[in-house]
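> no sequence on hand, only this structure:
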């Protein structure tokens, strides 16, 4: 199948490269010439495990990148609309979706063959049919469901694991306005055999995406609420509490032979310094706003956001127990990205923590395997020393703040074992064995 992907951000680029790997002919489209030049040079503009290898393997064979949206739409069978939908504080900003929909419509005006337009961007329920569809009709002068199809196909990609998630999905949600759209979506995903495919309406498909992310965010904030109570009560460790919760056979089923299955979702039931990224904070806030507009206040999700926004302060509170004032304190910050496997710092808990440290004139050394470049854009170079490795970051540190669950940080207890004056370690992700560190503080302890 010939596919055009409009937008080469995180979702669009991963989708385009993976569909090419699956055998489709794909054109990635973006109005950012710098991005397109990078892609045509086989240089991914984002960090994602496995992305560069797939890009190099498929480029100039089944994959190309261009700024020419009109030509791409005219020469393909189906377009995936994957532009950004930022949250402006009151609602999601649809300016990029609107602009792309109108341009796709204008391209369809001069195209005789049937074409399917599928929204891949995360948009609130009703957007595909009430906003995208009319703009496509306006731009093309044609009728949806007659001359072209319109659908919604949400993504369920975890940053850092996006290639794996796309290539081996747990579900594929297909939302279409008519039979023609559904047939095109079926053809697109026919190469994914043995995968549960849910066929539904665009509006329901849109809600599935928001409900999925909101559930996972709720699990994280629930765990953090319990962790904060454990810390307040004393003599309780949230790690042990959640370990006991996880042993419920409804969460980790026991097979007939006695072996226990530990589903990946239980990792969301672990306390830490909060969730971040481009999805959870934005999507939960957008659903809250959408609910209020519909006359349905979302009290539970409001609480999820409130708990999450307070979590970085838990790390700072643990630090103040030992250092009431941060001025001149030598702090090693381990982890800048909101999670391992990505350089994405959007809504990262590290941001408010570092800002407060800077305000109080702490001496900061920071290390992240891939996100230092993004951090420099946010904070600059003047008052943060960005280190090249873990050992350099720890030199002369009085405090170590562990903020991202990068696997290499598991080495920390061994690296500090023979240090004459061991630093205080504040484990914001509860990934270390507390008994292996002389001076240890952790969320929920």
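Right, received. Where do you want to start? Keep in mind the model is a prediction, meaning the values are calculated, not measured. Residues are numbered from 1 along each chain as shown.
> I'd like the average pLDDT over the strand or helix carrying residue 217.
Assigned by DSSP states H and E, residue 217 belongs to helix 202-233. For helix 202-233, the mean pLDDT works out to 98.
> cool, stretch 303-311 as well?
98.
> which residues outside it are in contact with it?
214, 217-218, 220-221, 224-225, 272-275, 281, 284-285, 288, 349, 443 (Cβ atoms under 8 Å, 6 or more residues apart in numbering). For every residue, glycine as well, the C-beta is placed using N, CA and C.
> what about 6 Å?
217-218, 221, 224-225, 273-275, 284 (Cβ atoms under 6 Å, 6 or more residues apart in numbering).
> low-confidence ranges in the chain?
Along the chain, the model assigns pLDDT under 70 to no residue.
> spell out which residues make up each domain of it.
2-199, 216-442 (automatic domain parsing).
> how far is the last one from where the chain is centred?
This points to domain 216-442. Distance of domain 216-442 from its chain centroid, counting by Cα atoms, centre = their mean, to the nearest Å, is 16 Å.
> packing partners for the helix or strand containing residue 425?
Assigned by DSSP H and E, residue 425 falls within strand 424-427. Where contact means 3 or more Cβ pairs under 6 Å, 6 or more residues apart in numbering; DSSP states H and E, strand 424-427 is packed against strand 399-402, strand 440-442.
> helix or strand for the closest residue to residue 155 other than its chain neighbours, which one?
Among residues not flanking residue 155 along the chain, residue 11 sits closest, at 5.1 Å (Cβ to Cβ, 6 or more residues apart in numbering). Using DSSP H and E, residue 11 maps to helix 10-21.
> helices of the stretch 1-150 of the chain, residue ranges please.
Per DSSP state H, counting those that start in this stretch, the stretch 1-150 of the chain carries helices over the ranges 10-21, 33-40, 51-58, 69-74, 95-109, 127, 133-140.
> just put these in JSON lines and tack on mean neighbour count and distance to residue 335.
Formatted as JSON lines, the helices of the stretch 1-150 of the chain follow (neighbours: other Cβ atoms under 10 Å; distance: least, Cβ to Cβ, whole Å):
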{"stretch": "helix 10-21", "mean neighbour count": "25", "distance to residue 335": "20"}
{"stretch": "helix 33-40", "mean neighbour count": "16", "distance to residue 335": "26"}
{"stretch": "helix 51-58", "mean neighbour count": "18", "distance to residue 335": "21"}
{"stretch": "helix 69-74", "mean neighbour count": "19", "distance to residue 335": "38"}
{"stretch": "helix 95-109", "mean neighbour count": "20", "distance to residue 335": "30"}
{"stretch": "helix 127", "mean neighbour count": "24", "distance to residue 335": "35"}
{"stretch": "helix 133-140", "mean neighbour count": "19", "distance to residue 335": "41"}
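> need those in a markdown table with distance to residue 428, can you?
Listed next are those as a markdown table, based on distance: least, Cβ to Cβ, whole Å:
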| stretch | distance to residue 428 |
| --- | --- |
| helix 10-21 | 24 |
| helix 33-40 | 33 |
| helix 51-58 | 28 |
| helix 69-74 | 43 |
| helix 95-109 | 34 |
| helix 127 | 36 |
| helix 133-140 | 44 |
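> quick one: buried residues of stretch 261-269?
266, 268-269 (16 or more other Cβ atoms under 10 Å).
> now swap in stretch 267-285 and tell me
268-285.
> hang on, isn't the residue nearest to residue 155 packed against residue 153?
No. The pair residue 11 / residue 153 is not scored as a contact, 10.7 Å apart, by Cβ atoms under 6 Å.
> list residues touching both of these two?
With Cβ under 6 Å, 6+ apart, residue 11 and residue 153 have common neighbours residue 120.
> so who does residue 112 touch?
Under the contact definition (Cβ under 6 Å, 6+ apart), no residues are listed for residue 112.
> quick one: it from residue 193, how far?
Per Cβ to Cβ, to the nearest Å, residue 112 is found 33 Å from residue 193.
> same check on residue 153?
Residue 153 is 18 Å from residue 193, by Cβ to Cβ.
> between those two, which one's more packed in?
Neighbours per residue (other Cβ atoms under 10 Å) separate residue 153 from residue 193, with residue 153 holding more: 23 against 6.
> residues contacting the more buried one?
With the criterion set at Cβ under 6 Å, 6+ apart, residue 153 makes contact with 118, 120.
> gap between it and residue 64?
In terms of Cβ to Cβ, residue 153 sits 22 Å off from residue 64.
> returning to what we had before: C-terminal to the helix holding residue 217, what's the next element?
That would be, after helix 202-233 and using DSSP H and E, helix 238-246.
> next, the buried residues of that following helix.
238-239, 241-242, 245-246.
> make CSV out of the residues you listed and add distance to residue 59.
Output for the buried residues of helix 238-246, formatted as CSV (distance: Cβ to Cβ, whole Å):
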residue, distance to residue 59
238, 47
239, 45
241, 49
242, 44
245, 46
246, 43
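> of all these, which comes closest to residue 56?
For these, the minimum distance to residue 56 (Cβ to Cβ) is 40.1 Å, reached by residue 246.
> could you check how far that closest one is from residue 339?
Computed as Cβ to Cβ, the residue 246 to residue 339 distance reads 20 Å.
> hmm, back to that, the helices of the stretch 1-150 of the chain: which one's closest to residue 426?
Per Cβ to Cβ, nearest to residue 426 of the helices of the stretch 1-150 of the chain: helix 10-21, 30.1 Å.
> need the contact list for residue 387.
365, 367, 393.
> if any of these are buried, give me the PyMOL selection for them.
Only the buried entries of these go into this PyMOL selection, using 16+ other Cβ under 10 Å:
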select buried, resi 365+367+393
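> any chance of the contacts of residue 387 in JSON lines, with distance to residue 108 and secondary structure too?
Listed next are those as JSON lines, based on distance: Cβ to Cβ, whole Å; DSSP: H, G, I helix; E, B strand; the rest coil:
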{"residue": "365", "distance to residue 108": "54", "secondary structure": "strand"}
{"residue": "367", "distance to residue 108": "49", "secondary structure": "strand"}
{"residue": "393", "distance to residue 108": "53", "secondary structure": "helix"}
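> how many residues are close by residue 251?
Other residues close to residue 251 by other Cβ under 10 Å number 14.
> cool, residue 233 as well?
Counted with other Cβ under 10 Å, residue 233 comes out at 8.
> which ones are touching it?
Per Cβ under 6 Å, 6+ apart, neighbours of residue 233: none.
> okay, it and residue 127: tell me how far apart.
Residue 233 is 45 Å from residue 127, by Cβ to Cβ.
> wait, residue 210 sits on residue 287?
Yes. Between residue 210 and residue 287 there is a contact under Cβ under 6 Å: 4.7 Å.
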